[in-house]
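1. Whatever this is, show me its structure:
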Amino acid sequence: MRPDPRPGVPAGTFGLTGIVAAAAVVAVAAVAGVAVVAAVLLATPGSARADDGRLLLADPPVDAALSVAPTGVTLSFTDTVQPELSHVEVFDGAGDEVTDGDYRQVAPDRVHQPVQIGADGDYTVAYHVTFPDGSDVTDVYRFSVGTGVPPAALDAATREARTDAVSEHAHEIDGFSATLLVIDGLVLFVVIALLWLRPRDGRPTSLRYRDPD
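-> Numbers count the residues shown, from 1 in each chain. Here you go, the predicted model:
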């Protein structure tokens, strides 16, 4: 009969040292994974600083007085847009939407929202756009159609209502957040395993099934 290479530890039992070592490896791997993902995201061009993302150009322009109604609104930003986490709406003077279908991303940093405008008046563009680093921007601007003068300024209550309309729509979980959730779950599993396998009465817990008889 071959002698037990670990005197004092029952056959089929994992010692506490081995459990801690395995848990340490898993924990280090989890932390390293978070660091790698964060480094990749932070290294994305244009996303290193949260204040990089902002509106660069708008068509129709801000406060424009148009003689002909546009068929769409195009917004260009200083950073790449996350389309699944962004939203654009256009309202007439009565607060009714004039958007015509879903908006689309026409370039990494540019989105286009089709509209259907059938009357003269002032129109408000509200947008909520998210960037790769997790930062976002929410704002509004106005243009007029057929009035011959720039649009009137929005009052505070109307501005808040328009920004709320684009900020409160549902979002999907982004890839970075999903990765963190998985890693958090893995670390929690390791902690629970350590608690369950901790020595009881001075003896390490065995993972081998033992017949109660």
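2. Going by C-alpha atoms from here, please, whenever you check contacts or count neighbours.
-> OK.
3. Kindly export stretch 150-160 (C-alpha atoms) in CSV.
-> Extracted in CSV, the C-alpha atoms of stretch 150-160 (Å, rounded to 0.1, in the frame of the first residue of the first chain):
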residue,chain,number,x,y,z
PRO,A,150,-34.6,82.4,-35.2
PRO,A,151,-36.5,80.2,-32.8
ALA,A,152,-37.5,81.5,-29.4
ALA,A,153,-35.5,80.4,-26.4
LEU,A,154,-36.8,77.5,-24.4
ASP,A,155,-38.0,78.1,-20.9
ALA,A,156,-36.5,76.0,-18.1
ALA,A,157,-39.5,73.7,-17.6
THR,A,158,-39.7,72.9,-21.3
ARG,A,159,-36.0,72.3,-21.6
GLU,A,160,-36.2,69.9,-18.6
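4. Below-threshold pLDDT in this structure: ranges please.
-> The chain contains residues with pLDDT under 70 at 1-52, 169-182, 190-191, 193-213.
5. Check the burial of Ala156 by counting its neighbours.
-> 8 (other Cα atoms under 10 Å).
6. who's in contact with the host helix or strand of Ala126?
-> When secondary structure is defined using DSSP states H and E, the element that contains Ala126 is strand 121-130. The contact list for strand 121-130 (Cα atoms under 8 Å, 6 or more residues apart in numbering) reads 81-83, 85-93, 136-147, 151-152, 162-163, 166-167.
7. List the pairing partners of whichever helix or strand comes after that strand within its sheet, with orientation.
-> With elements assigned by DSSP H and E, the helix or strand that comes after strand 121-130 is strand 136-145. If you go by DSSP bridges, strand 136-145 pairs up with strand 65-66 (parallel), strand 121-130 (antiparallel).
8. who wins for proximity to Gly185 among the ones you listed?
-> Closest to Gly185 of the strands paired with strand 136-145, according to Cα to Cα: strand 121-130, at 26.2 Å.
9. tell me the strands in the protein, going along the chain?
-> With DSSP state E applied, the chain shows strands at 55-59, 65-66, 72-77, 87-91, 104-107, 110-114, 121-130, 136-145, listed in chain order.
10. count of neighbours near Leu85?
-> 19.
11. Surely Met63 and Gly148 touch.
-> Wrong residue type there; residue 63 is Asp, not Met. No: using Cα atoms under 8 Å, Asp63 makes no contact with Gly148, being 11.7 Å away.
12. if we can go back for a sec, can I get the strands of the chain in JSON lines including distance to Leu186 and mean neighbour count?
-> Below are these laid out as JSON lines (distance: least, Cα to Cα, whole Å; neighbours: other Cα atoms under 10 Å):
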{"stretch": "strand 55-59", "distance to Leu186": "39", "mean neighbour count": "15"}
{"stretch": "strand 65-66", "distance to Leu186": "57", "mean neighbour count": "20"}
{"stretch": "strand 72-77", "distance to Leu186": "37", "mean neighbour count": "20"}
{"stretch": "strand 87-91", "distance to Leu186": "33", "mean neighbour count": "24"}
{"stretch": "strand 104-107", "distance to Leu186": "36", "mean neighbour count": "14"}
{"stretch": "strand 110-114", "distance to Leu186": "38", "mean neighbour count": "20"}
{"stretch": "strand 121-130", "distance to Leu186": "28", "mean neighbour count": "23"}
{"stretch": "strand 136-145", "distance to Leu186": "29", "mean neighbour count": "20"}
